[in-house]
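Novice: Coordinates only, no sequence provided:
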């Protein structure tokens, strides 16, 4: 092969990926870099954004406990949501996997169906059921005399966790489901023939093998919950803000874009660190199962 | 008294009968093979013994006790699965130790028995390996050690060698037979490989479409097949259309230009079957023409076109010259080497 042909061959992959790369750089990397730059700019009520390089916004986030509270709440909600989806989603996937043909497809549709409906619609559903005195469930329970005051749901962290867990459940179920598909179909029979009861089989044989699935599902659910906007915005509103709604408010209500950019950048950086870190830990811990 | 006894066992899935009227008495220490093509019900029968399936009818008894009343986890049978079904998150020794743990065997004894079991299957030094880091043959050995370490009353092997390559399979067959002879565990092997069944078992149960075709020693099933299915399934066989002529005296059995004194009983059209290695080339007999001649090292394989249809002949490579392709030959065999069946 001649030198020029080799050169051409070396360039081909770049040429072929150029359209996608351009899109990636254009709509992701450049705006991201601009957001990071924006977070170092100055802003004033009357002067607007000034393109200078200062640490004012970052210092404010680090020193003002208001922001610390907001970030802790964000991660607290994300962690609780992740735990809830894991506790409910893993058994759900296991039961689903054991179902027979027709029921399996019906229930798989039931679990995945909500993905076709907008997050806003699903969250509003919760608001309709539990939203104060007018919430359907609250009304019913109160008229039945079971509760005196409406169940506190709107503007509570519990409500946010419940609604987020509902929204995120399909990701956990799918992830565990994928891990279950890798299981040897005879593995439970093998354990049973050696004298293991149903609880031992699940604890000693099934759980360790689907753990990577649960953990990768947890990473997806955690990162999506921590950066979720629609559900916290509807359930928490302006009263119970999380990082994503805070950044939104800074951008669109206060119009303090640089501060909003700093919040968004910090959220992104924290998420990347947590996800990459836990992923590395999981891969090391479960090296044998992943192979 | 039989050690393991199956009596009129049947399994139905809806309207479909997968196993029907399966009766078998297995002696203690015996090595039995269930042999048949896929879908003949052999694995279903094994799963009923293991307890993963309940028989629709019939009884399974172990030492006189009803086995179907015992939960699979309490039956104490050792099972080696086709896929091995090893626990991938445990090391080889943890895999083998699992059954002992379930039986609450004290730690010291457990370690000793695991070590001995792995040594028996030739895996000493592999204790801390994970299954996914082992070859197919090694995984197979771990599975065997895991099944044997619990000292099972019966060892059930579900096509355990089918995932190994030919050479390894032969080695494992010899080893399996030696281990089974040494420890004397009653063993049932499910296989579709007639060579495997013949080289390993004391008796073979040949199955077809959910029914037992024949139960017998490897020699019996090969030399005296009870049905056309058995003769076809166990090794190659030649079936020729023939007639028994009782008008002349003495009566003759005639196949083309080959003939012999007729056996007693049958008359009219019959089918005769002869193993390829029992046919010789002679000066007189069934006229045929060699179509292909294949050299296979220790023997020659001939495909011939005879008066009575295609014929396969196997001759030992004993150094004598053999007929070439296209040559006209005569096929001959001893009457006692053939089976004669009436035409249904």
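Specialist: Arrived safely, thanks for sending. Since this is a predicted model, take the numbers as computed values, not measurements. Residues are numbered from 1 along each chain as shown, chains lettered A, B, ... in the order given.
Novice: residues in the stretch 151-291 of chain A within reach of chain B, list them.
Specialist: Proximity of the stretch 151-291 of chain A to chain B is confined to A:184-187, A:189-197, A:200, A:204-205, A:208-209, A:288-289, A:291 under the rule CB under 8 Å from any CB of the partner chain. For glycine as for every other residue, the C-beta is placed from the backbone atoms N, C-alpha and C.
Novice: Mind doing that once more with 6 Å?
Specialist: Residues of the stretch 151-291 of chain A lying close to chain B by CB under 6 Å from any CB of the partner chain are A:184, A:186-187, A:189-190, A:192-196, A:205, A:208-209, A:288-289, A:291.
Novice: Buried only: go through those for me.
Specialist: A:184, A:186-187, A:189-190, A:192-196, A:205, A:208-209, A:289 (16 or more other CB atoms under 10 Å in any protein chain shown).
Novice: how many other residues sit next to the residue in the stretch 1-150 of chain A that chain B sits nearest to?
Specialist: Nearest residue of the stretch 1-150 of chain A to chain B (CB to the nearest CB) works out as residue A:100 at 12.5 Å. Residue A:100 has 7 neighbours, counted by other CB atoms under 10 Å in any protein chain shown.
Novice: Then residue B:114?
Specialist: 24.
Novice: how about whatever helix or strand it lives in, does it get close to chain A?
Specialist: Using DSSP states H and E, residue B:114 maps to helix B:107-120. No: Helix B:107-120 does not reach chain A (CB under 6 Å from any CB); its nearest approach is 12.8 Å.
Novice: Any buried residues in that helix, and which?
Specialist: So helix B:107-120, judged by 16+ other CB under 10 Å, has buried residues B:110, B:113-114, B:117-118, B:120.
Novice: out of all of them, which helix in chain A is the longest?
Specialist: The longest helix of chain A (DSSP state H) is helix A:65-98.
Novice: where exactly do the helices run in the stretch 201-344 of chain B?
Specialist: Along the stretch 201-344 of chain B, counting by DSSP state H, counting those that start in this stretch, helices occupy B:218-223, B:228-233.
Novice: Let me know which of these is the nearest to chain A.
Specialist: helix B:228-233 (26.4 Å).
Novice: what's next to that closest one, contact-wise?
Specialist: With CB atoms under 6 Å, 6 or more residues apart in numbering or on different chains as the test, helix B:228-233 has contacts from B:206, B:208, B:213-214, B:225, B:237, B:273.
Novice: Any regions of chain A where pLDDT drops low?
Specialist: Within chain A, the stretches with pLDDT under 70 are A:1-3, A:288-291.
Novice: Now the residue nearest the centre of it: which helix or strand?
Specialist: Central residue of chain A (CA atoms, centre = their mean): residue A:224, 1.8 Å from the mean position. Assigned by DSSP H and E, residue A:224 belongs to helix A:207-226.
Novice: So what's the gap between the longest helix of chain A and the chain middle?
Specialist: 8 Å (CA atoms, centre = their mean, to the nearest Å).
Novice: Repeat that for stretch B:157-175.
Specialist: Relative to its chain's centre, stretch B:157-175 lies at 13 Å (CA atoms, centre = their mean).
Novice: what does the stretch 1-150 of chain B put close to chain A?
Specialist: Counting by CB under 6 Å from any CB, the residues of the stretch 1-150 of chain B near chain A are B:52, B:72-73, B:79, B:81, B:83, B:85, B:87, B:89, B:98-99, B:102-103, B:130, B:132.
Novice: filter these to the buried ones?
Specialist: B:52, B:72-73, B:79, B:81, B:83, B:85, B:87, B:89, B:98-99, B:102, B:130.
Novice: quick revisit: now do the helix holding residue A:224: which elements does it pack against?
Specialist: Contacts defined by 3 or more CB pairs under 6 Å, 6 or more residues apart in numbering or on different chains; DSSP states H and E place helix A:207-226 against helix A:65-98, helix A:157-181, helix A:257-285.
Novice: which is the next helix or strand following it?
Specialist: helix A:230-235.
Novice: ok now that following helix, how far from the chain's centre?
Specialist: With CA atoms, centre = their mean, you get 14 Å for helix A:230-235.
Novice: What helices and strands are in contact with that helix?
Specialist: With 3+ CB pairs under 6 Å, 6+ apart as the test, helix A:230-235 has helix A:119-130, helix A:157-181 packed against it.
Novice: Need the contact partners of the helix or strand that that helix is followed by.
Specialist: Next helix or strand after helix A:230-235 toward the C-terminus (DSSP H and E): helix A:243-252. Contacts of helix A:243-252 with the rest of the structure, by CB under 6 Å, 6+ apart, involve A:70-71, A:74, A:227, A:229, A:232-233, A:256-257, A:259-260, A:263-264, A:267.
Novice: Just give the closest residue to residue B:201, not the sequence neighbours.
Specialist: Sequence neighbours aside, residue B:33 is the residue nearest to residue B:201 in space, at 4.0 Å (criterion: CB to CB, 6 or more residues apart in numbering or on different chains).
Novice: got the phi/psi numbers for that neighbour?
Specialist: Phi and psi for residue B:33, reported as degrees, to the nearest 10, are phi -120, psi 140.
Novice: quick one: contacts of the helix holding residue A:224?
Specialist: Contacts for helix A:207-226 (CB under 6 Å, 6+ apart): A:74, A:78, A:81-82, A:85-86, A:90, A:164, A:168, A:171-172, A:175-176, A:178-180, A:183, A:271, A:275, A:282, A:286, A:289, B:89.
Novice: show me what contacts residue B:198?
Specialist: Contacts of residue B:198 by CB under 6 Å, 6+ apart are residue B:218.
Novice: secondary structure class for it?
Specialist: Classification of residue B:198 using DSSP: H, G, I helix; E, B strand; the rest coil returns helix.
Novice: For residue B:163, grab phi and psi.
Specialist: The phi/psi pair for residue B:163 (degrees, to the nearest 10) is phi -90, psi 10.
Novice: again with the one 3 residues further on
Specialist: Backbone geometry at residue B:166, expressed as degrees, to the nearest 10, gives phi -50, psi -50.
Novice: For residue 54, give me its contacts.
Specialist: In the absence of a named chain, this looks at chain A. residue A:42 are the contacts of residue A:54 under CB under 6 Å, 6+ apart.
Novice: related to what we said a few turns ago, highest average neighbour count across the helices and strands packed on helix A:207-226?
Specialist: helix A:157-181 (a mean of 22; mean count of other CB atoms under 10 Å in any protein chain shown).
Novice: centre of the chain versus stretch B:62-80, how much separation?
Specialist: 24 Å.
Novice: With stretch A:217-235 instead?
Specialist: 4 Å.
Novice: which of the residues in that stretch are buried?
Specialist: Quick answer for stretch A:217-235 (16+ other CB under 10 Å): A:217-228, A:230-235.
Novice: Please apply the same query to stretch B:45-56.
Specialist: Buried residues in stretch B:45-56 (16+ other CB under 10 Å): B:45-53, B:55.
Novice: now stretch B:297-309
Specialist: Using 16+ other CB under 10 Å as the test for burial, stretch B:297-309 gives B:300, B:302-304, B:306, B:308.
Novice: Show me what the mean pLDDT comes to for it.
Specialist: Mean pLDDT, computed over stretch B:297-309, is 91.
Novice: Assess the claim that residue B:44 and residue B:18 are in contact.
Specialist: Yes: contact criterion CB atoms under 6 Å: residue B:44 and residue B:18 qualify, at 4.9 Å.
Novice: what do these two both touch?
Specialist: With CB under 6 Å, 6+ apart, residue B:44 and residue B:18 have common neighbours residue B:11.
Novice: neighbour-wise, which of those two wins?
Specialist: The neighbour count for residue B:44 versus residue B:18, taken as other CB under 10 Å, is higher for residue B:44 (22 against 19).
Novice: With residue B:186 as the reference, measure out to that one.
Specialist: From residue B:44 across to residue B:186, the span is 20 Å (CB to CB, to the nearest Å).
Novice: quick one on the thing from earlier: which ones among the buried residues of stretch B:297-309 lie within strands?
Specialist: Mapping those onto strands (DSSP state E) picks out B:300, B:302-304, B:306.
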